[in-house]
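>>> Whatever this is, show me its structure:
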Amino acid sequence: MPARRPKKYPIQCEGEWFTVMSPWPLDLMVTRYWQNERFYEGKLLQQIRKRAPKPGVYIDVGANQGNHSVFFANFCDCTKLISIEAVWEVYDVMVRNVVANNRKDVPFEACNWAISNKSQELAEYDTPFYKNIGGTEMRIRPRNHQDTMPAKPNNSVLTIKLDDLIPVTDDVAVLKMDIEGGEAKAIVGGADMIMRCKPLLIAEARTAENLKELDELMKMFQYDRVEKNYKKGTHIWSPR
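You can find the predicted model right below:
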């Protein structure tokens, strides 16, 4: 993954300016949005802020370089921010961006895990494509004796269920997921938290089959999908 010394980009929303950084100048998010001084998926972010049912914990699964997390911390009624990114190099950039732009000093937890329906499995990934850092896919499998930490393979991370990660004392208001096809497993692994907290749920569905699977799964939790699609492939589900 070709990377250079991180470059800083000023981005703004509603007259407030922030400075984010990225070592990947050809990344899609950087070239189309940050270089144009804008948050990525701005319309979607505004809808999340508008539709969030209550103040509470915001969980950003697949936080990438921190774009959504920075918005949540500064523009939403976020009492705690949990940002989760599996790819180590990207995780490091995300943490630096959130810490540098957390103007309200929202309590912040950063997690280098792959979210799935089981904990302590192994998620392997290829070297991210430097023109689309957020498009990295995980291949999840059970661990074997050769995977004993810290001698796990390069380009890998352990999985964890949201129900094992999120304390029962956390009142989750928003759960956003963009994990390249792993959303359904992540929902199953967070079933107790979803039933307890009824957060607004945002997830990517890359195919019609993915969307059908997510719709059927969310009906079991008594959620309905918001009709309008604010970004191709990304949808919002709201509790009834």
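>>> For residue 232, the count of nearby residues, please.
Applying other CB atoms under 10 Å, we find 7 residues neighbouring residue 232. Bear in mind the C-beta positions are built from the backbone N, C-alpha and C, glycine included.
>>> same check, this time on the one 4 residues further on
Each residue near residue 236 was counted by other CB under 10 Å, and the total is 22.
>>> In space, what's closest to it - neighbours in sequence excluded?
Spatial nearest neighbour of residue 236, excluding adjacent residues (CB to CB, 6 or more residues apart in numbering): residue 226 at 4.2 Å.
>>> Could you do residue 77 as well?
residue 55 (4.1 Å).
>>> next one: residue 100
Leaving aside its sequence neighbours, residue 100 sits nearest to residue 19 (CB to CB, 6+ apart; 6.8 Å).
>>> Ok, residue 178 next?
Residue 178 sits nearest to residue 62 (CB to CB, 6+ apart), 4.1 Å away.
>>> Do you know the pLDDT at the one you found?
Confidence at residue 62, expressed as pLDDT, is 96.
>>> Provide a list of residues in contact with residue 210.
The contact partners of residue 210, taken as CB atoms under 8 Å, 6 or more residues apart in numbering, are 181, 183-184.
>>> what bits of the protein have low per-residue confidence?
For the chain, residues meeting the criterion pLDDT under 70 lie at 1-3, 148-152, 228-231.
>>> how much space is there between the residue nearest to residue 100 and residue 53?
Distance, residue 19 to residue 53, by CB to CB, to the nearest Å: 31 Å.
>>> that older thread, by neighbours, which of the contacts of residue 210 wins?
These, ranked by neighbours (other CB under 10 Å): first place residue 183, 25 neighbours.
>>> Check the spacing between that residue and residue 34 real quick.
As for residue 183, its distance to residue 34 is 25 Å (criterion: CB to CB).
>>> Likewise for residue 209?
For residue 209 relative to residue 34 (CB to CB), the value is 32 Å.
>>> the more surrounded of those two?
Between residue 209 and residue 34, residue 34 has the larger neighbour count (other CB under 10 Å), namely 23 against 9.
>>> shouldn't that one be in contact with residue 22?
Yes. The criterion here is CB atoms under 8 Å, and residue 34 meets it with residue 22 at 6.9 Å.
>>> circling back: now flag whichever of the contacts of residue 210 is closest to residue 117.
residue 184 (8.3 Å; CB to CB).
>>> which residues touch the closest one?
210, 213-214, 217.
>>> Can you tell me which of the residues you listed has the most neighbours?
Ranking the contacts of residue 184 using other CB under 10 Å puts residue 214 first, with 22 neighbours.
>>> Might one say that that residue is in contact with residue 235?
Yes. Counting by CB under 8 Å, residue 214 touches residue 235, with 7.4 Å between them.
>>> Overlap in contacts, the two.
Counting by CB under 8 Å, 6+ apart, the common neighbours of residue 214 and residue 235 are 203, 205.
>>> can you map out the helices along the protein?
Under the criterion DSSP state H, the chain contains helices at 28-32, 42-51, 67-75, 88-100, 162-165, 183-189, 191-197, 208-220.
>>> looking at the ones you listed, which is buried most?
Comparing the helices of the chain by mean neighbour count (mean count of other CB atoms under 10 Å), helix 67-75 ranks first with a mean of 25.
>>> between that one and helix 88-100, how big is the angle?
Angle, helix 67-75 to helix 88-100, by axes from the mean of the first three to the mean of the last three CA atoms, to 10 degrees: 10 degrees.
>>> quick revisit: surely the residue nearest to residue 100 meets residue 7?
No. With contacts counted by CB under 8 Å, residue 19 stays clear of residue 7, the gap being 10.6 Å.
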